[in-house]
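Student: Next come a sequence and a model predicted from it.
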Amino acid sequence: TALAETALTLVGERPWATGGIEPVEFGAGEALGFMSSNAATLAEAVLVTVELRKLLYASHSVAALSYIALGGSPEPYATTVHEAKPHPGQVECAAEMRRLLGMTEVPKPGRRIQDPYGLRAFPQVQGPALDAVAYLERVLTTEINASTENPMISVPDQDVYHNAHFHTAYVATALDTARATVHSVAELSTARLGDLV
């Protein structure tokens, strides 16, 4: 319905809520994209992903400020620690924390044996969220640049292919994974907030 109303507005058959442009003339096959596609879902997913990436990177700064306020140990962010379990997002998170905290050398153990969980586990919890968003971005990049028509007309093959490219399994699972990992990030943020209070 949202795509049909968008198409009708673009061709000048429905009024614009605000502003407007001259009516657009659709070419052969272009209307199908408004009748049988996931464009609205993909557009919303892209907007959410951009916002989510911003929030995740801002949370590095918030965690670093919490580290300073709580007198954290640099040990959980040591390069050696993360080389032993090198998940890409975890390694990236630890490196960003070292950068934000001005740790130019491999951090040595701090004044206490273990920091509160909200500081100590930050790379291990933030990392999966960074990885999930990176995967989501790859999925969405593929989707928004893909042909989803069914049937799909191949000019080079001079043939028609019936398919299920309209199915959103990749998008759905990537969004679900991002949601699950962000939930863990929020829980850890709550733990740090409790420590600060």
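Tutor: On my side now, so go ahead.
Student: all helices in the chain, in order from the N-terminus.
Tutor: 2-10, 32-35, 39-70, 79-83, 88-100, 117-120, 122-144, 169-196 (DSSP state H).
Student: Name the residues of the third one that come out as buried.
Tutor: Translated: helix 39-70. In terms of neighbour count (16 or more other C-beta atoms under 10 Å), helix 39-70 has its buried residues at 39, 41-42, 45-46, 49, 52-53, 56, 59-60, 63-64, 66-67. (Each C-beta comes from the backbone N, C-alpha and C, glycine too.)
Student: List the residues that contact the residue positioned nearest the centre of the chain.
Tutor: Residue closest to the average C-alpha location in the chain (C-alpha atoms, centre = their mean): Val133, at 3.0 Å. By C-beta atoms under 8 Å, 6 or more residues apart in numbering, Val133 lies in contact with Thr49, Leu52, Arg53, Leu56, Ala178.
Student: Ok, Thr6 next?
Tutor: Thr6 is in contact with Phe34, Ala40, counting by C-beta under 8 Å, 6+ apart.
Student: Distance of it relative to Tyr170?
Tutor: 24 Å (C-beta to C-beta, to the nearest Å).
Student: And Ser37, by the same measure?
Tutor: Taken as C-beta to C-beta, the span from Ser37 to Tyr170 is 15 Å.
Student: The worst-scoring helix or strand of the chain on mean pLDDT: how far from the chain's middle?
Tutor: Least confident element among the helices and strands of the chain, by mean pLDDT, DSSP states H and E: helix 32-35 (a mean of 78). When distances are taken as C-alpha atoms, centre = their mean, to the nearest Å, helix 32-35 is centred 26 Å away from the chain's centroid.
Student: What sits closest to Ala64 if chain neighbours are left out?
Tutor: Leu100 (4.1 Å; C-beta to C-beta, 6 or more residues apart in numbering).
Student: May I have the residues that are in contact with that neighbour?
Tutor: With C-beta under 8 Å, 6+ apart, Leu100 has these contacts: His60, Ser61, Ala64.
Student: ok so, going back, give me the buried stretch members for the least confident helix or strand of the chain, please.
Tutor: For helix 32-35, by 16+ other C-beta under 10 Å, it's Phe34.
Student: helices and strands around it, which ones?
Tutor: helix 2-10 (3 or more C-beta pairs under 8 Å, 6 or more residues apart in numbering; DSSP states H and E).
Student: any idea of the mean pLDDT for the helix it packs on?
Tutor: Averaging pLDDT along helix 2-10 yields 90.
Student: separation between the nearest residue to Pro15 once chain neighbours are set aside and Ala17?
Tutor: Distances taken as C-beta to C-beta, 6+ apart place Thr9 nearest to Pro15, at 7.4 Å, with adjacent residues excluded. Distance, Thr9 to Ala17, by C-beta to C-beta: 9 Å.
Student: Who has more neighbours out of the two?
Tutor: Higher neighbour count among Thr9 and Ala17: Thr9, with 17 against 7, using other C-beta atoms under 10 Å.
Student: low pLDDT regions in this protein?
Tutor: 106-112 (pLDDT under 70).
Student: and Pro116, backbone torsions?
Tutor: The phi/psi pair for Pro116 (degrees, to the nearest 10) reads phi -60, psi 150.
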